[in-house]
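Colleague: Generate coordinates for the sequence data below:
(one chain, ligands or ions: 2)
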Amino acid sequence: MTLVVFGIVLSGLIYLVYTSTSHRYKQPRFCHKIKKEDQENSLLHLQSPYGLSYKQPSVVSPDGKVVPVAPWLAPVVWEGTFDPTLIDSIYKQQNITIATTVFALGKYTQFLKDFLESAEQNYFVGFRVHYYVFTDHPENVPAVKLSEEHNLTVLTVPSSNRWQDISLSRMARLEKLIESRLFNEADYVFSLDVDSKFYGRWGVETLGRLVGAIHPGYYQTPREQFPYERRPESQAFIPSAEGDYYYGGAVIGGLVKDVHEVAKTCREQLDIDASKSIEAAWQEESHLNKYFLYNKPSKLLSPEYLWQDFKPHTNEVKIIRYSQVIKNYAAVRPNK
Ligand SMILES: CC(=O)N[C@H]1[C@@H](OP(=O)(O)OP(=O)(O)OC[C@H]2O[C@@H](n3ccc(=O)[nH]c3=O)[C@H](O)[C@@H]2O)O[C@H](CO)[C@H](O)[C@@H]1O
Ligand SMILES: [Mn+2]
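Modeller: Ligands and ions are numbered 1, 2, ... in the order given. Below is the predicted model of the structure:
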């Protein structure tokens, strides 16, 4: 009898532990038994635990100078922190390919021309770039003359009625594209918003294992006011006392393998949220912010690399390199 009661209690306990952990956000893996190669790889990962209390980092010091390093010693790329001639010649020897995914569904195909033409002037000039344009209107992809080492592939995908679905489905599509092609075709990958233009150099100084861009709208905002997802029911939830920077969903970059991990994890978290009918405040951007909080990027791009045309110029941002164009939301999105 006692044995039966014990058995019931034990299976209840196992069930409880299972259900309470299986829905949680993937915790950093600290103590798995892993192969040497995986171990070396995971040593490069900068995972930080949940709930850690530390001061919010800033990218501009009180005297107005830009801060070129994050508190986990990742560089923050600003004008003046790198020598273009030196860094170009180092990377020239590496024979690398940079895949670049860009989504242009519905009326967003209108942004492709300026995006691609300005990229050709500024984006990895002299390096091998392969653009992968996802669209539901392949006939509207403009013929832009590409430089010798730049290629473009159009990938046709079904249309969507909600801009939110288009934006968040980028994670799943990026994950699948990496699995089907990019592991073989590229060294690095950037996923970029299409409603944007390049105005200045964006080159090999942006390459790193895992790269995020600091959103231009929040780089001087206290972390408790970041537009992170604040409902604990969502997998993207971040408590008000945590947070480094607010990262823009418009830029995700890094080694193909590391970007795959971002896309896969965010897609899994988005699926869990969808199964509970919850959509994070800023869709995949919220999940990306959660990912980057606990898996620190190895390199950060300053707001020079993610600006917004409507924002007035500021002292600290000397060069605007990539900027969101002004768009009439009602006119370009399929829904409000
Ligand atoms: C500067 C920045 O960090 N922007 C982010 C922000 O608002 P945004 O206002 O920048 O979002 P957005 O309308 O540009 O949508 C993101 C991207 O999805 C694609 N798209 C969207 C709608 C559509 O009808 N067709 C289409 O192709 C397109 O590539 C676009 O650039 O929040 C979004 C999530 O809510 C994304 O995380 C964006 O990256
Ligand atoms: Mn955008």
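Colleague: Pairing-wise in the sheet, spell out the partners of the spatially most central residue of the chain.
Modeller: Nearest to the geometric centre of the chain sits residue 252, at 2.8 Å (Cα atoms, centre = their mean). On the basis of DSSP bridges, residue 252 is bridged to residue 191, residue 212.
Colleague: from what I can see it touches residue 212, true?
Modeller: Yes: contact criterion Cβ atoms under 8 Å: residue 252 and residue 212 qualify, at 6.9 Å. In short, each C-beta sits where N, CA and C put it, glycine included.
Colleague: can you list residues touching both of those two?
Modeller: Jointly contacting residue 252 and residue 212 under the rule Cβ atoms under 8 Å, 6 or more residues apart in numbering are residue 288.
Colleague: Just say helix, strand or coil for residue 151.
Modeller: strand (DSSP: H, G, I helix; E, B strand; the rest coil).
Colleague: Contact partners for it?
Modeller: Here residue 151 is in contact with 129-131 (Cβ under 8 Å, 6+ apart).
Colleague: Apply 7 Å and report the result again.
Modeller: Shown in contact with residue 151 (Cβ atoms under 7 Å, 6 or more residues apart in numbering): residue 130.
Colleague: Give the bridge partners for it, please.
Modeller: Going by DSSP bridges, residue 151 forms beta bridges with residue 130.
Colleague: What of residue 69?
Modeller: Residues in beta-bridge contact with residue 69 (DSSP bridges): residue 75.
Colleague: ok, so what distance separates residue 289 from residue 61?
Modeller: 23 Å (Cβ to Cβ, to the nearest Å).
Colleague: Residue 295 now?
Modeller: From residue 295 to residue 61 the distance is 26 Å (Cβ to Cβ).
Colleague: Which residue, other than its chain neighbours, is closest to residue 164?
Modeller: Leaving aside its sequence neighbours, residue 164 sits nearest to residue 283 (Cβ to Cβ, 6 or more residues apart in numbering; 5.3 Å).
Colleague: What is the burial count for that neighbour?
Modeller: Neighbour count of residue 283, defined by other Cβ atoms under 10 Å: 25.
Colleague: Check the one 4 residues further on too.
Modeller: Residue 287 sits with 27 neighbouring residues when counted by other Cβ under 10 Å.
Colleague: And for residue 98?
Modeller: 23.
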